[in-house]
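Peer 1: quick one: sequence plus predicted model below, questions after.
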2 protein chains.
Amino acid sequence: MASPGAETEKPGNHNDFVQLCNPHVAAMKEDVLYHFSLSTSTHDFPTMFGDVKFVCVGGSPSRMKAFIKYMAVELGLDHPGAEYPNICEGTDRYAMFKVGPVLSVSHGMGIPSIAIMLHELIKLLYHARCSDVTLIRIGTSGGIGLEPGSVVITRQAVDGCFKQEFEQIVLGKRVVRNTHLDDWLVQELVRCSADLGEFPTVVGNTMCTLDFYEAAVVCVTLLNRLEGDQISSPHEVLAEYQQRPQRLVGHFIKKCLAAA
Amino acid sequence: MASPGAETEKPGNHNDFVQLCNPHVAAMKEDVLYHFSLSTSTHDFPTMFGDVKFVCVGGSPSRMKAFIKYMAVELGLDHPGAEYPNICEGTDRYAMFKVGPVLSVSHGMGIPSIAIMLHELIKLLYHARCSDVTLIRIGTSGGIGLEPGSVVITRQAVDGCFKQEFEQIVLGKRVVRNTHLDDWLVQELVRCSADLGEFPTVVGNTMCTLDFYEAAVVCVTLLNRLEGDQISSPHEVLAEYQQRPQRLVGHFIKKCLAAA
């Protein structure tokens, strides 16, 4: 997903605040983010989230919790007995964890589930007055012609017909949105992968459909779809595969913070 | 959702086994239902699930767990110290619970998440050699022009353009499926609601879209969309609302079992 900054240049520290297209949100007395079980009237969003610079999202709650623990260690913010409570513990729709400038949020499976989460996430970042935020999905997917365990950095998302667009119905009308991702971010993630040198990484297109073939952004392929759809790798191997996008994105975040 | 039996008549006890359209599944040595963390090689599906006659699905794992406890009490199968473990505890994608002939499965939010679950559920019912299975979604939704707390029994699902169809892209081609639900089941649920006389129930159409406006089948409306999209009812009221479809479907299941 694109950072809200420039499309092809590095988004610098130019206080690029998260903006909303809907002008009515600013005038609301209370905004209930129902699926996060958070509300502007009961939670102090600027204090809780104002320092967020990186939002990483992925399907599985337990994987997103493992990611925040991993990031805490990587950023030197972990300590004995440290706990990373689920900020959305009032609901079982999504799970959310935070350490330092990193927010980790689960989104379930499929575009609608992701869309509901993003709708509330972007309002959360707006209410918290966050700036210069980079948003990355880390996840798993099937692959076409790739070895299982390959990490794919998505350049472009395509729909079930290989069209490079995302179609929505808004107020009964078809609205088509661009699916091209932030070029600078793609290239920087490629450089991070070269720095690490730990696993095969490719830049490719990712197909998002209305069923199990959805996948997006920085994903590890669990299987080569040209060889079937049964996942035959042992559990430990799959578990290591799932950590690969986390390691890549963790390296990217550390690099950004070191340069800041 | 329609039972796999007759479309307009009551599906009787005519050993209507769950069938698959894909002939290759029968020839597979092992079928891994990845998102349930179940496999035909490690789990005895006929023993575990062969007696299932009612499958109830809904978005939230905790609500589906509450439903199975409720059904255990209603069916006289509860006892002190009874536990209802999550059959899919090996994954955090979906949760599944069972008591007697009732299976309760969470499906997350949105059509893709539901589609992935149904894909594996129908294979599960097939491998378990289940027959005469009725499948009902119980959930929550927004409402248009209805009082919050109203229970809606869906006659027909419509898409974001009010078209009574469900469009899928299969192998790059547009495939349109019928969204009409089982008329007998709709009428029987209306009769159950009259028996109970506890809450307003209407038969209506439900719009399924790619974002928060999805809703389906036997849902309780949490809000009247004509008055905004903020959920303002207190938590206890919402909690009682969420139980209404469960009570209706519980009554239906008891009625079916008493008639069998």
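Peer 2: Yep, it's here.
Peer 1: where does pLDDT dip in chain A?
Peer 2: A:1-14, A:142-145, A:158-162, A:169-172, A:207-214, A:216-234 (pLDDT under 70).
Peer 1: can you give me the helices in it?
Peer 2: Taking DSSP state H as the criterion, chain A contains helices spanning A:45-49, A:61-74, A:111-127, A:183-196, A:235-259.
Peer 1: mean neighbour count and distance to chain B added to the ones you listed, as JSON lines?
Peer 2: For glycine as for every other residue, the C-beta is placed from the backbone atoms N, C-alpha and C. JSON lines is the format used below for these (neighbours: other C-beta atoms under 10 Å in any protein chain shown; distance: least, C-beta to the nearest C-beta, whole Å):
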{"stretch": "helix A:45-49", "mean neighbour count": "16", "distance to chain B": "16"}
{"stretch": "helix A:61-74", "mean neighbour count": "20", "distance to chain B": "5"}
{"stretch": "helix A:111-127", "mean neighbour count": "22", "distance to chain B": "3"}
{"stretch": "helix A:183-196", "mean neighbour count": "17", "distance to chain B": "25"}
{"stretch": "helix A:235-259", "mean neighbour count": "18", "distance to chain B": "9"}
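Peer 1: in CSV, list those helices along with distance to A:Asp31.
Peer 2: Output for the helices of chain A, formatted as CSV (distance: least, C-beta to C-beta, whole Å):
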stretch, distance to A:Asp31
helix A:45-49, 9
helix A:61-74, 23
helix A:111-127, 6
helix A:183-196, 29
helix A:235-259, 28
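Peer 1: B:His24 is nearest to which of the ones you listed?
Peer 2: Closest to B:His24 of these, according to C-beta to C-beta: helix A:235-259, at 23.9 Å.
Peer 1: mind checking which of the helices of chain A is nearest B:Lys69?
Peer 2: Nearest to B:Lys69, of all those, is helix A:61-74, at 22.3 Å by C-beta to C-beta.
Peer 1: and the contacts of the closest one?
Peer 2: A:56-58, A:77-78, A:82, A:84, A:86, A:94-100, A:102, A:104-106, A:138, A:242-243, A:246-247, A:250, A:253-254, B:92 (C-beta atoms under 8 Å, 6 or more residues apart in numbering or on different chains).
Peer 1: show me just the buried residues among those residues.
Peer 2: A:56-58, A:78, A:84, A:86, A:94-100, A:102, A:104-106, A:138, A:242-243, A:246-247, A:250, A:253, B:92 (16 or more other C-beta atoms under 10 Å in any protein chain shown).
Peer 1: now intersect those with the strands, please.
Peer 2: When the buried ones among the contacts of helix A:61-74 are checked against strands (DSSP state E), the matches are A:Cys56, A:Val57, A:Gly58, A:Met96, A:Phe97, A:Lys98, A:Val99, A:Val102, A:Ser104, A:Val105, A:Ser106, A:Ile138.
Peer 1: going by distance to B:Gly204, which of those residues wins?
Peer 2: Set against B:Gly204, the nearest of those by C-beta to C-beta is A:Ser106 (32.0 Å).
Peer 1: wait, that closest one touches A:Val57, no?
Peer 2: Yes. Here A:Ser106 lies in contact with A:Val57, judged by C-beta atoms under 8 Å, at a distance of 7.3 Å.
Peer 1: which neighbours do those two have in common?
Peer 2: Contacts common to A:Ser106 and A:Val57, judged by C-beta under 8 Å, 6+ apart, are A:Met64, A:Met117.
Peer 1: ok, A:Lys123 touching A:His24?
Peer 2: No. Using C-beta under 8 Å, A:Lys123 is not in contact with A:His24, being 11.5 Å away.
Peer 1: separation between A:Pro23 and A:Ser39?
Peer 2: From A:Pro23 across to A:Ser39, the span is 20 Å (C-beta to C-beta, to the nearest Å).
Peer 1: pop the domain breakdown of chain A in here.
Peer 2: A:17-131, A:138-260 (automatic domain parsing).
Peer 1: end-to-end on the longest one?
Peer 2: Counting by C-alpha to C-alpha, to the nearest Å, the length from the leading to the trailing residue of domain A:138-260 is 23 Å.
Peer 1: dump the domains of chain A to CSV, plus distance to B:Asp195.
Peer 2: Formatted as CSV, the domains of chain A follow (distance: least, C-beta to C-beta, whole Å):
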stretch, distance to B:Asp195
domain A:17-131, 31
domain A:138-260, 37
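Peer 1: nearest to B:Val151, of those?
Peer 2: B:Val151 sits nearest to domain A:17-131 of all the domains of chain A, at 19.8 Å, using C-beta to C-beta.
Peer 1: contact partners for A:Asp78?
Peer 2: Applying C-beta under 8 Å, 6+ apart, one finds that A:Asp78 lies in contact with A:Lys69, A:Ala72, A:Val99.
Peer 1: so the last one makes contact with A:Tyr84?
Peer 2: Which is A:Val99. Yes. In this structure, A:Val99 is within contact of A:Tyr84 by C-beta under 8 Å, at 6.4 Å.
Peer 1: and A:Gly90, how many neighbours?
Peer 2: By other C-beta atoms under 10 Å in any protein chain shown, the residues close to A:Gly90 number 12.
Peer 1: give me the nearest residue to it, chain neighbours excluded.
Peer 2: Leaving out its chain neighbours, the residue that sits closest to A:Gly90 by C-beta to C-beta, 6 or more residues apart in numbering or on different chains is A:Ser37, at 3.1 Å.
Peer 1: now A:Met117
Peer 2: Closest residue to A:Met117 apart from its sequence neighbours, by C-beta to C-beta, 6+ apart: A:His107 at 4.3 Å.
Peer 1: and A:Gly204, by the same measure?
Peer 2: A:Val152 (5.0 Å).
Peer 1: likewise A:Ser193?
Peer 2: Closest residue to A:Ser193 apart from its sequence neighbours, by C-beta to C-beta, 6+ apart: A:Thr201 at 3.8 Å.
Peer 1: that neighbour pairs with what?
Peer 2: Under the criterion DSSP bridges, A:Thr201 forms beta bridges with A:Val151.
Peer 1: what about it, neighbour count?
Peer 2: Neighbourhood size, A:Thr201 [other C-beta under 10 Å]: 22.
Peer 1: quick check: it touching A:Ser150?
Peer 2: Yes. A:Thr201 lies in contact with A:Ser150 (C-beta under 8 Å); the separation is 7.1 Å.
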